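A.B. asks: please work out how this folds:
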Amino acid sequence: MVPAFSRSMEEPSAIAPSSDVAAGVAEARALLERNSLAQALSLTTRLLVLHSADRDLLYVHAVTQRLLGQIPQALATLSRMELLYPHYPRLYQERGHCHAAVRATNSAILAFERAVQLNPSLPSSWSMLESLYATSGQSAQSARARDMVRQLGALPREVVTAFSMYADGEADGAEKLIRKFIQADGNHVEALRLLAKIALDFEIADDASVLLEYILRVAPDHQTARYEYVLVLMKQYRHAEAAVHIKRLLDLQPGSLAYRLTHATLLCALSDFERAIPEFRALIAANPQDLDLHLALGNALQTQGDYPGAISALRRAIDIQPGCGDAHWALANLKIYEFTADELTRMRVVETSPGLRIRDRIHFCFALGKALEDRGSYAESFQYYARGNALKRSSVRYNPEAIERMVNLQKTVCTAEFFEARRNFGCRSADPIFIVGVPRSGSTLIEQILASHSQVQGTMELGDIPRLVSRLQGRANAEAGPRYPGILADLSAEEYLNFGEKYIADTRVYRDDRPYFIDKMPNNFRHIGLIHLMLPNARIIDARRDPMACCFSNFKQLYASGQQFAYSFEDLARYYRSYLEFMAHWDRVLPGRLLRVQHELVVEDTERQVRRLLDFCGLEFEQGCVDFHENARPVHTVSSQQVRRPINRDGLDQWKHFEPWLSPLRERLADLM
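C.D. replies: Numbers count the residues shown, from 1 in each chain. As a prediction, the model looks like this:
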């Protein structure tokens, strides 16, 4: 079957083999459309001499070989392609067509099944599976494939094409196509689903949430959309809500591997490791080759402090898939794992593989950066850190001007007079202790110190304040400008009271019976005005660290989500400056409201700083707070290993090992040093 390529070009003789490979691929496709198979093969063969690793060129070459009846040659091309692009769905679809051409039914079925696993929006693969299943007597599977053919056939062509582009790794093109379709044809459910998936990939969880909430209002039985909504809720730290929805899905499909894995992951987020870890182990027993299960178990064991168990699980994940970047980065991020020379050699080779997914390449770069730093190979380490950051920065949508604009808006709205006029607003609860600041500033150490007190519950980075801000902000309007923080002036005393009471109620799911608890979401420093108005008796602690040490520590860290400012020196410096400007503003308009804790002082004079912290929180001194490393509670952040060791100076001057390459960062922070 010849793909319906629409673009036509001149004859191949008009294109030199060394010219733009994209033009050559387009020409080869045009030749296929005209059934000029020999010319197409000649062109792709010549182009491959110079562009031997080009994905689209290899694919068209294999299609041409199959159409000429050269099945062994086509399969050889696809095998070569698989080494480079193992996650490309159309590779497996084409392999299925090759096997079907020589009546190798079982092999064809396996290939088409892999294709639709990677991209469920391939009508040709589903149609072939319908026929092949029927031929081999698998009537139930044939009926399911036929149903998928009908479902795809009922969708607009643009939606199917956009889903396929997305599955092929072309998210930008898919987004443009689906937005154009929505503008012309309105709110088609599947089109909105794809837009939500793309938004989530770009870490715009609020947009994804709004889209999926609309879908579930108009199509409440859409299980796929509900599951995707669960994933968005988890990104937004709305774990209790997510648990309700995953329970509903499990009631419908109790045997679903995806639902059970997600449920166990939610249990971890709610610190219910006693139920989560046995569930992971049970799932692994039934699915020993499932990569995601071993990764999830490794992360859970790391959070619990079982590092040997975490290492074993992550190494098993690597055995299953040597190109798994997540597992390598998780091992490096343990801080206590030392890669062998052979492992480093293999990692370097895998990282340069043309077919490695960008996500995996980023993880390998950060893992290599950390492993080489541990070995003292700072020049090579920095090269990998720099490459990983550049790749990550190119894959996120971060706008530093938005943060800087927010500083100016807060200054305008949240004045001393503004707060004086609202002196008696808010919920009077003194339960919360907020720890704010730029990530990697020692906030986890402060949390561990306080959580080692008998009266204080350590929770995690809670998303309740950012979620409230998102709700107050509403949908962006370029002409009217942002509603927040201006809307703070329009809210009544009753509304602020309700906000505070709802916060206390919603965070109860993370707490036991201790009277105080910690919310360690660092970016809450942007919203101290709102926190003060809704919870005027809450304690707020500003964790601060030397600018160079803090910013470079962020540059070395690959975050699971958020913190998009961390992937370039310019963004880091601008974000740190915005943070300082925010904090200076809160000091002016809310004098004495915050306690500033300098990380270096905690390291140098621990007991004095511990007493200072406890005094600020109205707590009696307890020696356990000085001996915080003996506290075995789960720690959900990347600093979990450090806070389980006695205080040390190891991290204070690490950035100086990289000083020869940090002049661009130093120049941007020079006046702050």
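A.B. asks: for this protein, what's the longest helix?
C.D. replies: helix 569-589 (DSSP state H).
A.B. asks: wait, what's in contact with the residue positioned nearest the centre of the chain?
C.D. replies: The centroid of the chain falls nearest to Ser561 when counting by Cα atoms, centre = their mean (4.0 Å). For Ser561, the contacting residues are Glu203, Lys235, by Cβ atoms under 8 Å, 6 or more residues apart in numbering. For glycine as for every other residue, the C-beta is placed from the backbone atoms N, C-alpha and C.
A.B. asks: that one in helix, strand or coil?
C.D. replies: coil (DSSP: H, G, I helix; E, B strand; the rest coil).
A.B. asks: how near is it to Tyr166?
C.D. replies: According to Cβ to Cβ, to the nearest Å, Ser561 and Tyr166 sit 19 Å apart.
A.B. asks: and what of Arg226?
C.D. replies: Taking Cβ to Cβ as the measure, Arg226 falls 20 Å from Tyr166.
A.B. asks: circling back: what comes up buried for the longest helix of the chain?
C.D. replies: 569, 571-580, 582-583, 585-586, 589 (16 or more other Cβ atoms under 10 Å).
A.B. asks: gap between the helix or strand following it and the chain center?
C.D. replies: With elements assigned by DSSP states H and E, the helix or strand that comes after helix 569-589 is strand 594-598. Put simply, strand 594-598 sits 30 Å off its chain's centre (Cα atoms, centre = their mean, to the nearest Å).
A.B. asks: counting by contacts, list what whichever helix or strand comes after strand 594-598 packs against.
C.D. replies: Moving toward the C-terminus from strand 594-598, the next helix or strand (DSSP H and E) is helix 599-604. Contacts defined by 3 or more Cβ pairs under 8 Å, 6 or more residues apart in numbering; DSSP states H and E place helix 599-604 against helix 443-451, helix 606-616.
A.B. asks: after the longest one, which helix or strand is next? Please name it.
C.D. replies: As assigned by DSSP H and E, the chain's next helix or strand after helix 606-616 is helix 623-626.
A.B. asks: show me which residues of the helix or strand following that next one are buried.
C.D. replies: Counting by DSSP H and E, the next helix or strand C-terminal to helix 623-626 is helix 663-669. By neighbour count with 16+ other Cβ under 10 Å, helix 663-669 contains the buried residues Leu665, Arg666, Arg668, Leu669.
A.B. asks: residues contacting the third one?
C.D. replies: When contacts are counted by Cβ under 8 Å, 6+ apart, Arg668 is found next to Phe569, Glu570, Ala573, Arg574.
A.B. asks: same thing but 6 Å
C.D. replies: By Cβ atoms under 6 Å, 6 or more residues apart in numbering, Arg668 lies in contact with Ala573.
A.B. asks: do the same with the last one
C.D. replies: Leu669 makes contact with Pro547, Ala573, according to Cβ under 6 Å, 6+ apart.
A.B. asks: and it, how far from Leu152?
C.D. replies: Leu669 is 54 Å from Leu152, by Cβ to Cβ.
A.B. asks: Leu58 reaches Met81, doesn't it?
C.D. replies: Yes - judged on Cβ atoms under 6 Å, Leu58 makes contact with Met81 at a distance of 4.5 Å.
A.B. asks: thinking again about what came up before, higher neighbour count, Arg226 and Tyr166?
C.D. replies: A direct count of neighbours by other Cβ atoms under 10 Å for Arg226 and Tyr166 places Tyr166 higher, at 22 against 19.
A.B. asks: hang on, Thr459 in a strand?
C.D. replies: Yes - looking at Thr459 with three-state DSSP, it is inside a strand.
A.B. asks: give the contact list for it.
C.D. replies: Going by Cβ under 6 Å, 6+ apart, Thr459 touches Tyr510, Phe517, Ile518.
A.B. asks: just Phe339 next, same as before
C.D. replies: Ala371.
A.B. asks: Thr191 is in what secondary structure piece?
C.D. replies: No Thr there; residue 191 is Ala. helix 189-201.
A.B. asks: name the surrounding residues that touch whichever helix or strand comes after that helix.
C.D. replies: Sequence-wise, the next helix or strand downstream of helix 189-201 (DSSP H and E) is helix 205-218. Contact with helix 205-218 is made by 189, 192, 195-196, 199-200, 225, 228-229, 232, 235-236, 470, as judged by Cβ under 6 Å, 6+ apart.
A.B. asks: quick one: the helices in the stretch 401-550 of the chain?
C.D. replies: Ranges of helices within the stretch 401-550 of the chain are 416-420, 443-451, 464-473, 493-506, 528-534, 547-555, based on DSSP state H, counting those that start in this stretch.
A.B. asks: quick check: which of the ones you listed is buried the most?
C.D. replies: Mean neighbour count (mean count of other Cβ atoms under 10 Å) peaks for helix 443-451 among the helices of the stretch 401-550 of the chain, with a mean of 26.
A.B. asks: how many residues are close by the closest residue to Glu82 other than its chain neighbours?
C.D. replies: Using Cβ to Cβ, 6 or more residues apart in numbering and skipping the chain neighbours, the partner closest in space to Glu82 is Leu91 (6.1 Å). For Leu91, the count of nearby residues is 26 (other Cβ under 10 Å).
A.B. asks: now swap in the one 10 residues further on and tell me
C.D. replies: The burial metric for Ala101, expressed as a neighbour count using other Cβ under 10 Å, is 14.
A.B. asks: pull the number of nearby residues for Met128.
C.D. replies: 25.
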